[in-house]
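1. Below is the sequence, then the predicted model.
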Amino acid sequence: MPIDAATLRTMYATMVKIRYYEERLAEIYREGKTPLFDISAGPVPGEMHLAAGQEPVAAGVCLHLRPDDTVTASHRPHHVAIAKGVDLKKMTAEIFGKRTGLGKGKGGHMHLFDPAVKFACSGIIGAGGPPAVGAGLASRKLGRDSVAVNFAGEGAANQGAWHESLNLAALWKLPVIFVVEDNSWAISVPKSKSTAVARNSERAVAYGIPGAYVTDNDPIEVYEVAGEAVARARRGDGPSLIEVKTYRYFGHFEGDPQVYRPKDEVGELKQKDPIERLKQRLIGQGVLTADGAAQIEAQARSEVEDAITFARESPYPAPEEALNDVFVA
C-alpha cells in the first residue's frame, strides 16, 4: 500500500514520542529504588515492562486504524497505546497510580483502558485475543466495517487462548488482525527453545488465513503489510496474521539483570535503530529535513514532559475510594 509524505512524517513523530516516553519512564521508575532495588519504592511502584525498540510495530499498524477500531495489547503496552491515540496525560497518571488516571489509579501500567479510542491491555499472557475476537464479532453483528487488532508477543503465540482466538476468527470470518511482536525473548526464553516453527506467521495456514512476516523491524514494511490486512478485514474477507521481527532494548521488566542475553546483543541492535534508520531514509527522500526532524523531536519531548508533570502533580486516590468501581451492588 503506497505511503504518502504526511503519513511518513506522522510515523516518525509517533515513533519518536514512544521512544522518549519509554526512556523517561525508565528514568522515573528507578527513582527511590536504588542502591538496593526495591520494586515497591519510588513514584511508580510495581513491575514495569518497556517497549523501546518495538516502535515500528505499533506505528506501522495503528496508522491504519480509526477511533472506532478496537486494539488489545499485552503487558508491554505503552507503544501501542500511544500509537492508538490513548490520552497521554491520563495514561501517565494511571501509571503513577493517580486519581486522574484512566482507571483512577487502580489499574497501573499493565491494565490501561481508554474507551474513547477503544484500547485495552492485560497483564495475562495471550489474554488479548478473545476480547479482540469479541470486538470483531460485535462489528459484524452491528453491520459496521470497524476492525479489531490484537498485539501479542511471540511467547503468547504458544498460548491456547491465542490459538482458540485465531480459530474462531477464521471460522466466523471476523475482521480481526493478529500481530505478533517477535522481540526474541519470552521473558528469558529464546524463541528457538519455545516454538516449533521459525515464524509464527507460518501458523496462519492451519487456520486458512493469510500470514505475513516482516523482517528487521522495518516500519514501512509493517505499514504496507498491515494496510493489506486491515483492508481485507474491512471488506469482510476475514482475519490475518502478521509477525514482525522487532527489538527489545530493555529487559523483560525494569530491574531484570538480563543475564540470559549475550552481552553485545543490545548494542548490536542499537546500531540499526529503527528510528534513526527511518529518519535518514526520510531525509534522503526529501520527505523530512533535519530542522523538521528536530521540531518533531522537540514536540514529542514537550508532550511527554507535560504528561509527566500532570501525573506527578495529580492527587492519589483517597483510601476510602478503594472499593469504588470494583463491586456492583
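-> Looks like it came in fine. The model shown is predicted, which means the values in this text are computed figures rather than measured ones.
2. So Pro135 sits against Lys118, correct?
-> Let me fix one detail, which is that residue 135 is Ala and not Pro. Yes - contact criterion Cβ atoms under 8 Å: Ala135 and Lys118 qualify, at 7.4 Å. Placement of C-beta: from N, CA and C, glycine included.
3. Have a look at those two and say which one is more surrounded.
-> Between Ala135 and Lys118, counted using other Cβ atoms under 10 Å, Ala135 has the larger neighbour count: 24 against 21.
4. next structured bit after the helix or strand hosting the more buried one?
-> For Ala135, the enclosing helix or strand under DSSP states H and E is helix 129-141. For helix 129-141, the following helix or strand on the C-terminal side (DSSP H and E) is strand 148-153.
5. Quickly list what's touching both of Ala135 and Lys118.
-> Residues touching both Ala135 and Lys118 (Cβ atoms under 8 Å, 6 or more residues apart in numbering): Thr70.
6. rewinding a little: I'd like the C-alpha coordinates of the helix holding Ala135 written as CSV, please.
-> Output of helix 129-141 as CSV, limited to C-alpha atoms (Å, rounded to 0.1, in the frame of the first residue of the first chain):
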residue,chain,number,x,y,z
GLY,A,129,-7.1,-12.5,21.7
PRO,A,130,-10.6,-13.4,23.0
PRO,A,131,-11.7,-9.7,23.5
ALA,A,132,-10.4,-8.8,20.1
VAL,A,133,-12.4,-11.6,18.6
GLY,A,134,-15.4,-10.4,20.6
ALA,A,135,-15.0,-6.8,19.2
GLY,A,136,-14.8,-8.3,15.7
LEU,A,137,-18.0,-10.2,16.2
ALA,A,138,-19.7,-7.1,17.6
SER,A,139,-18.6,-5.1,14.5
ARG,A,140,-20.1,-7.9,12.2
LYS,A,141,-23.4,-8.1,14.2
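7. What is the distance between it and the centre of its chain?
-> With Cα atoms, centre = their mean, to the nearest Å as the basis, helix 129-141 stands 19 Å off its chain's centre.
8. what's that helix packed up against?
-> If contacts are counted by 3 or more Cβ pairs under 8 Å, 6 or more residues apart in numbering; DSSP states H and E, helix 129-141 sits against strand 70-73, strand 148-153, helix 160-171, strand 176-182.
9. now the strands for the chain?
-> Ranges of strands in the chain, per DSSP state E, are 70-73, 113-114, 119-121, 148-153, 176-182, 185-186, 189-190, 211-214, 240-245.
10. Of these, which is nearest Met91?
-> Taking Cβ to Cβ, strand 113-114 is the member of these nearest to Met91, at 7.4 Å.
11. The residue lying closest to Arg203 once chain neighbours are set aside: neighbour count?
-> Distance criterion Cβ to Cβ, 6 or more residues apart in numbering; nearest residue to Arg203, sequence neighbours excluded, is Val197 at 6.4 Å. Per other Cβ under 10 Å, the neighbour tally for Val197 reads 10.
12. ditto for Thr289
-> For Thr289, the count of nearby residues is 11 (other Cβ under 10 Å).
13. Please convert the helices and strands packed on helix 129-141 to CSV, extending it with mean neighbour count and mean pLDDT.
-> Shown next, in CSV, are those (neighbours: other Cβ atoms under 10 Å; pLDDT from 0 to 100):
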stretch, mean neighbour count, mean pLDDT
strand 70-73, 28, 98
strand 148-153, 29, 98
helix 160-171, 19, 98
strand 176-182, 28, 98
